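Engineer: A structural model of the following input is requested.
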Amino acid sequence: MESIRDLMDQQKSNELAEKRLEFILDELAKKQRELAMLESKMYKEHEDVEALEKMSVKSVFRKILGDKEAQLEKERQEYLHAFMKFEEYKKTLDILEYEKGVLQEKVANAVNISEQIKKKLAIRKKEVMLNGSALGKKITALESEINRFYYVRKECLEAVEVGKSAIAIMNEMIRSLNNARGWGSFGRGSRGSMSQMIRMTSVDKAKKLSHQAQQLLRVFSKELADINGQQNFNFRFDFGGFDSFLNIFFDNLISDWVINQKIVTAQNSVASTQAKVKRIVSSLEVDIKNAEAEVVLREEKVKELIKDSV
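Structural biologist: Residues are numbered from 1 along each chain as shown. Got it, this is the predicted structure:
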């Protein structure tokens, strides 16, 4: 039965084989393209030879003002050169194809070896952790840290998902408020009932979206509290003041100016909240990568400790 160390050596060999296979596949693709070009050139040179052989001496002199035999010899040499180059590339491709087959077989067995290593490491890890030795305690402490980083990663991923949903809703809110501003601007039909209706509809849509956004932000705050402990995050934004406007048509400049000021205030509030969520999401994404790196680091330490204990 193979030891963990032997299996790990095989795994390293397989990893090298996988890298070599990637190189071989790239080379094959490149050589196949070049071979196609060489084949085309070879046929072209052959056609030139045949065409020259069929020409009379008189026509050759008219066309190229040279000796037919000398010209024919030149064309034959060019064809021979193209043919030999083509054959050389074919042999290279055959060698690459053979190596590809060998490497693919080796890489296919890599999964089985990885599984064997995992099982043997798990068994050995359990033995070491149960024997109460200093090594066992060290591995237990590392496993505890790994679980903690896994938990942090999981919570951060959940928070990021909710945060991105909230950002998307707030984008829609900002677009709706932009529409309301556009239709409510002086000089663009602000006195017309149609423009007022469109503006009111846009504001109403933004208000409805605000309820969805607020709910998502409550969930986002809860997810952050799970990560950072009990902490209050103020994500509320104010749409107060719109209700009194929604049932009125505005006929004069001052009313038009007032509603636009309200819209600007609401937009700024949403944009500010959105920017804050974006900053937190970006920070969480960094935390996720850091947690993943910490997990990998500790798993490698555990693996090395177990390997050294064999």
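Engineer: okay, domains of the protein per the record?
Structural biologist: By the assignment in automatic domain parsing, the chain contains the domains 4-130, 148-309.
Engineer: mean pLDDT lowest where, among those domains?
Structural biologist: The minimum mean pLDDT among the domains of the chain belongs to domain 4-130 (a mean of 73).
Engineer: residue 180 and residue 302: what is the separation?
Structural biologist: Here the criterion is CB to CB, to the nearest Å. By it, residue 180 lies 58 Å from residue 302. No exception for glycine: its C-beta is placed from N, CA and C like everyone else's.
Engineer: just want to know which of the two has more residues nearby.
Structural biologist: Comparing residue 180 with residue 302 by other CB atoms under 10 Å, the one with more neighbours is residue 180, at 25 against 20.
Engineer: helices of the stretch 101-250 of the chain, start to end?
Structural biologist: 134-183, 193-228, 243-246 (DSSP state H, counting those that start in this stretch).
Engineer: okay if I get these as JSON lines plus distance to residue 102?
Structural biologist: Output for the helices of the stretch 101-250 of the chain, formatted as JSON lines (distance: least, CB to CB, whole Å):
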{"stretch": "helix 134-183", "distance to residue 102": "37"}
{"stretch": "helix 193-228", "distance to residue 102": "49"}
{"stretch": "helix 243-246", "distance to residue 102": "74"}
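Engineer: and of those, who's closest to residue 37?
Structural biologist: For those, proximity to residue 37 was assessed by CB to CB; helix 134-183 is nearest, at 48.0 Å.
Engineer: which residues touch residue 165?
Structural biologist: residue 216 (CB atoms under 8 Å, 6 or more residues apart in numbering).
Engineer: returning to what we had before: and the helices of the stretch 101-250 of the chain: which comes nearest residue 27?
Structural biologist: Proximity to residue 27 (CB to CB) singles out helix 134-183 among the helices of the stretch 101-250 of the chain, at 38.6 Å.
Engineer: so that closest one versus helix 193-228, what angle?
Structural biologist: Angle of helix 134-183 versus helix 193-228, following axes from the mean of the first three to the mean of the last three CA atoms, to 10 degrees, is 170 degrees.
Engineer: what's the local residue count around residue 204?
Structural biologist: For residue 204, using other CB under 10 Å, the count is 14.
Engineer: ditto for residue 259
Structural biologist: 23.
Engineer: what helices or strands is the host helix or strand of it leaning on?
Structural biologist: Taking DSSP states H and E as the criterion, residue 259 maps to helix 253-309. Judged by 3 or more CB pairs under 8 Å, 6 or more residues apart in numbering; DSSP states H and E, helix 253-309 is in contact with helix 4-54, helix 68-130, helix 134-183, helix 193-228.
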